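K.L.:
Okay, predicted coordinates and the sequence, questions at the end:
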Amino acid sequence: IFQEEVRRFFEILALWGTRQRKYAGAVSRQTLVESIIQAISSLARHKVGAIIVFTGSENIARHLDGGVDLDGIVSQELIESIFDPNSPGHDGAMIITNNRVSTIGAQLPLSHNLEQMENAGTRHSAALGIAERSDAFAVVVSEEKGTISMAHKDALERATVQDLAEALRAFYREKYPATTYSVWQKVFTQNLIEKVVAIGIAVGLWFFLVFQPGTVQRNFTVPISFRDLPQDVVIDEFEPK
């Protein structure tokens, strides 16, 4: 059961019950992709080597070796500064989960596909290696040629900036679809935690300050009158009093 394919199958099976929530976060989809594309284009233009991995539904933590947890908002400036040759994390891979840079300087497993790895470097082998083992999307900038390559679904291919932008948008649409809500869904789903807490506080205050347990008995005296009685009928007494 420790074979790679079987382990991955059970990981995918486990995801059916523990789906990650998709958050738009502080950065919109369009701004996110534009920042990434601009950063990669700048890195390729200046021939700065880089490898960026975009995680999908599958957890890739067990495939990573080393790295530093960052949890930073994706921006062009952040990406370019991380892959600056003088940066300590420029040699490893940057891991982006949705719109957050989760890890930098991570080492990835290498691919054993010799056919696709012909005339390719270590970064390309690492990008294809993680794509073969998960549903992640990897982008590589060649330090020697300044070219851009992308690895996804067991395939590594050269790409232009436009090709990469389209592929990245398609990947985000598939893995992190934008959720639309109706008016009633917004009423019940937006700020759900705050609403539940508010209702809980209101119920607690009512119970401790207003609600009075026990039986309360009060007596009232009301008049009783008789109308439209036959003339030969006389009321001597009646119940209840």
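P.N.:
Now that the structure is in, tell me what you want to look at. In this text the structure is predicted, and so the values were computed from the model without any measurement.

K.L.:
Can you name the next helix or strand after the worst-scoring helix or strand of the chain on mean pLDDT?
P.N.:
Using mean pLDDT, DSSP states H and E, helix 183-189 stands out as the lowest-scoring helix or strand of the chain, at a mean of 69. As assigned by DSSP states H and E, the chain's next helix or strand after helix 183-189 is helix 192-205.

K.L.:
If you average the pLDDT over that following helix, what comes out?
P.N.:
The pLDDT scores in helix 192-205 average 87.

K.L.:
all helices of this structure, in order?
P.N.:
Remark: helices assigned in the chain by DSSP state H are 4-15, 29-45, 76-82, 122-133, 161-175, 183-189, 192-205.

K.L.:
With just CA atoms, put the fourth one into PDB.
P.N.:
As requested, the backbone C-alpha atoms of helix 122-133 are provided in PDB (Å, rounded to 0.1, in the frame of the first residue of the first chain):
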ATOM      1  CA  THR A 122      17.000  20.600 -13.000                       C
ATOM      2  CA  ARG A 123      14.200  23.100 -12.600                       C
ATOM      3  CA  HIS A 124      12.300  21.600 -15.600                       C
ATOM      4  CA  SER A 125      12.800  18.100 -14.200                       C
ATOM      5  CA  ALA A 126      11.400  19.300 -10.800                       C
ATOM      6  CA  ALA A 127       8.400  21.000 -12.400                       C
ATOM      7  CA  LEU A 128       7.500  17.900 -14.400                       C
ATOM      8  CA  GLY A 129       8.200  15.800 -11.300                       C
ATOM      9  CA  ILE A 130       5.600  17.600  -9.200                       C
ATOM     10  CA  ALA A 131       3.100  17.600 -12.100                       C
ATOM     11  CA  GLU A 132       3.500  13.800 -12.500                       C
ATOM     12  CA  ARG A 133       2.700  13.200  -8.800                       C
END
